[in-house]
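Chemist: Sequence unavailable; structure follows:
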């Protein structure tokens, strides 16, 4: 009795031990991964380029430099003197300003697409997985069916029918993107469903939707974040694909895909910077997202450790 | 097995019908008319045109005619822009081209990707492994529309080895670049998947048993390891097929190969709804059929699947 008391006193006197949360652990693991940190830095730089670029660009993205027009191969070269740091495009518009704008649009599409997929896909998958049985069967069948359709064609159809606007692009890409996420969320939910704390929640009479929102979804977050990071580049690829075909955002708006297409069609004239700059940003951003995604997976996904 | 196939077919047919009906409804709801021109046409002429294409009929008759035409005679109706050709003519022109380079791309992706992945797993942590991993990471950021300009830049403009576009009846020089551009990213994915699954299989108990009882390595690999290691690859074939069909549009546009992708984009820009619908439905049907084939193949190979 005496001894117990002194231990208790000791404990009370000692400095409180700082707990390590799951997230703090994950952050430490992530920061130890060099490729992932490098990817993150690249992404931050690209984001800074997109955000700050408009304020430092000497030219507007819509203005045509008439001195250059007609002689783009010589006068439109990247140079510090003319203020066209990345050169101009075939119409004499400043490529720096256009790349900044393309980066904004591409990143926006990627992030919005991933967000839609996170919200819709996670909810859908969690509901299917939690209720199980016939509901699960029907819901996942629908996903299977939607996945077996060549989506890009339907998306282009939507864009043509309802007009090519940024909003339509978001809707169309959002329609595709949640399918994979739903599958992943469902699989995770199936393993969570048997856990004791869910059982406890059911036993105390919590309603199913509250259980899903309060207990299932927070526990899905790790996997969802990992997958969402990997979804952003695939959304960017989708959008660039459509823009490459000239069916995406409309002029004067632009995106990486449209810029790459413009550059590629001018390749024969020796104006390689038109292809090079957008391609460079496209490639480093995708690399960044893939490495960050991999790093997050190593940090958050308990399966692969 | 027969029952399984029939069951899957019974699912595939309604999916196809839904695809046909929903694309039709989408097109029907579309604003604007394919005949609308800047100058506007006299009402009488417009009425005549609409009567000729059956567009003056009520909705249910139009859709019935279309569905029956597609299902019974593979007749996708007329093109509204190419007045003297119907959709079937355009598909007939473009499809063999798409099929040719699509077939080769698929073959290259599966064979090169699969063997690269398996070799990498067998030579785990050697230069071959690192090379395979490096290629598959690099190819992730090089989708077809990025790779195509790079290839043309390198092999056409700088080296001058291969033509940067055209088809010429499918002579081999004209096929190589499209095939590389289309197949590379899928090859990389297949290499990654087969490497991962082969590594997993090689550490499993039954492989250890097979080696412990003294079977030669060659036999262990071909008899025991290969089949389970290829299962994930097979389930990736469906998405890969969809991806390639989609990618063929870029190939057609960039290399001017004259496949159906070219017609699809042209019709999308011209609002030629008939052609868009026809191509979407045709490719949708192909995809659904191919997925069915993959599922059956999977069920046939994987003993764990009960059907």
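Modeler: All right, it came through fine. This is a predicted model, so every value here is computed, not measured.
Chemist: When you work out contacts or count neighbours from here on, use the C-alpha atoms and nothing else.
Modeler: Will do.
Chemist: What ranges in the stretch 101-250 of chain A fall below the confidence cut-off?
Modeler: Nowhere does the stretch 101-250 of chain A drop to pLDDT under 70.
Chemist: can you map out the helices along it?
Modeler: A:122-131, A:133-147, A:151-162, A:166-193, A:196-203, A:208-211, A:217-244 (DSSP state H, counting those that start in this stretch).
Chemist: Switch those helices over to a markdown table; also include mean neighbour count and distance to residue A:299.
Modeler: Listed next are these as a markdown table, based on neighbours: other CA atoms under 10 Å in any protein chain shown; distance: least, CA to CA, whole Å:
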| stretch | mean neighbour count | distance to residue A:299 |
| --- | --- | --- |
| helix A:122-131 | 25 | 20 |
| helix A:133-147 | 15 | 29 |
| helix A:151-162 | 21 | 32 |
| helix A:166-193 | 20 | 17 |
| helix A:196-203 | 12 | 24 |
| helix A:208-211 | 14 | 26 |
| helix A:217-244 | 22 | 9 |
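Chemist: among these, which is nearest residue B:18?
Modeler: helix A:133-147 (10.3 Å; CA to CA).
Chemist: Could you list every helix and strand in contact with the closest one?
Modeler: Counting contacts by 3 or more CA pairs under 8 Å, 6 or more residues apart in numbering or on different chains; DSSP states H and E, helix A:133-147 packs against helix A:122-131, helix A:166-193.
Chemist: try 10 Å
Modeler: Applying 3 or more CA pairs under 10 Å, 6 or more residues apart in numbering or on different chains; DSSP states H and E, we find helix A:133-147 packed against helix A:122-131, helix A:166-193, helix B:2-29, helix B:226-255, helix B:273-301.
Chemist: Pull the contacting residues for residue 291.
Modeler: Went with chain A since none was named. A:33-40, A:229-230, A:285, A:297, B:137 (CA atoms under 10 Å, 6 or more residues apart in numbering or on different chains).
Chemist: Switch to chain B, please.
Modeler: Applying CA under 10 Å, 6+ apart to residue B:291 gives the contacts A:147-149, B:8, B:12, B:235, B:237-239, B:241-242, B:285, B:297.
Chemist: One more: residue B:55?
Modeler: Here residue B:55 is in contact with B:28, B:47-49, B:61-62 (CA under 10 Å, 6+ apart).
Chemist: Measure how buried residue B:139 is and give me the count.
Modeler: 18 (other CA atoms under 10 Å in any protein chain shown).
Chemist: try residue A:64
Modeler: 16.
Chemist: Quick check on the residue nearest to it when sequence neighbours are not counted: phi, psi?
Modeler: Of all residues beyond its chain neighbours, the one nearest residue A:64 is residue A:93 (4.7 Å), with distances taken as CA to CA, 6 or more residues apart in numbering or on different chains. Main-chain torsions, residue A:93, degrees, to the nearest 10: phi -90, psi 150.
Chemist: do the same with residue A:57
Modeler: Residue torsions, per degrees, to the nearest 10, at residue A:57 are phi -70, psi 130.
Chemist: distance of it from residue A:94?
Modeler: 9 Å (CA to CA, to the nearest Å).
Chemist: Could you do residue A:293 as well?
Modeler: From residue A:293 over to residue A:94 (counting by CA to CA), the distance is 33 Å.
Chemist: which of the two has more neighbours?
Modeler: Taking other CA under 10 Å, residue A:293 and residue A:94 do not tie; residue A:94 has more neighbours (27 against 24).
Chemist: and that one, bridged to which residues?
Modeler: Taking DSSP bridges, one finds residue A:88 as the beta-bridge partners of residue A:94.
Chemist: can you list the weak-confidence ranges in the stretch 51-200 of chain B?
Modeler: Looking at the stretch 51-200 of chain B by pLDDT under 70, you get B:80-83, B:170.
Chemist: okay, now the residue nearest to residue B:85 when sequence neighbours are not counted: neighbour count?
Modeler: Closest residue to residue B:85 apart from its sequence neighbours, by CA to CA, 6+ apart: residue B:79 at 6.4 Å. Per other CA under 10 Å, the neighbour tally for residue B:79 reads 23.
Chemist: Over to residue A:248?
Modeler: 26.
Chemist: mind listing what it touches?
Modeler: A:156, A:159-160, A:164-166, A:168-169, A:238-242, A:254-255, A:257-258.
Chemist: Return only those of those residues found close to chain B.
Modeler: Checking the contacts of residue A:248 against chain B by CA under 10 Å from any CA of the partner chain, the ones in range are A:156, A:159-160, A:238, A:240-242, A:257.
Chemist: Quick one: mean pLDDT over stretch B:231-241.
Modeler: When pLDDT is averaged over stretch B:231-241, the result is 85.
Chemist: can you tell me which residues contact residue A:215?
Modeler: By CA under 10 Å, 6+ apart, the residues touching residue A:215 are A:192-193, A:197-198, A:201, A:209.
Chemist: If you rank the contacts of residue A:291 by neighbours, which is first?
Modeler: Counting by other CA under 10 Å, top hit in the contacts of residue A:291: residue A:285 with 25 neighbours.
Chemist: Which residue, other than its chain neighbours, is closest to it?
Modeler: Nearest to residue A:285 is residue A:43, by CA to CA, 6+ apart, at 6.1 Å.
Chemist: Next one: the one you found from residue A:51, what distance?
Modeler: Relative to residue A:51, and taking CA to CA, residue A:43 is found at 12 Å.
Chemist: quick one: which of those two has more around it?
Modeler: Ranked by neighbour count (other CA under 10 Å), residue A:43 and residue A:51 place residue A:43 first, with 19 against 14.
Chemist: hang on, isn't the more buried one packed against residue A:282?
Modeler: No: using CA atoms under 10 Å, residue A:43 is not in contact with residue A:282; the gap is 11.0 Å.
Chemist: how about residue 174, what does it touch?
Modeler: As the question left the chain open, I've gone with chain A. So residue A:174 contacts A:109, A:112-118, A:120-121, A:168, A:235 (CA under 10 Å, 6+ apart).
Chemist: My question was about chain B, not that one.
Modeler: The neighbours of residue B:174, taking CA under 10 Å, 6+ apart as the test, are B:101, B:162-168, B:255, B:257.
Chemist: And residue B:238, by the same measure?
Modeler: A:147-148, B:244, B:287-295.
Chemist: pLDDT value on residue B:207, please?
Modeler: 87.
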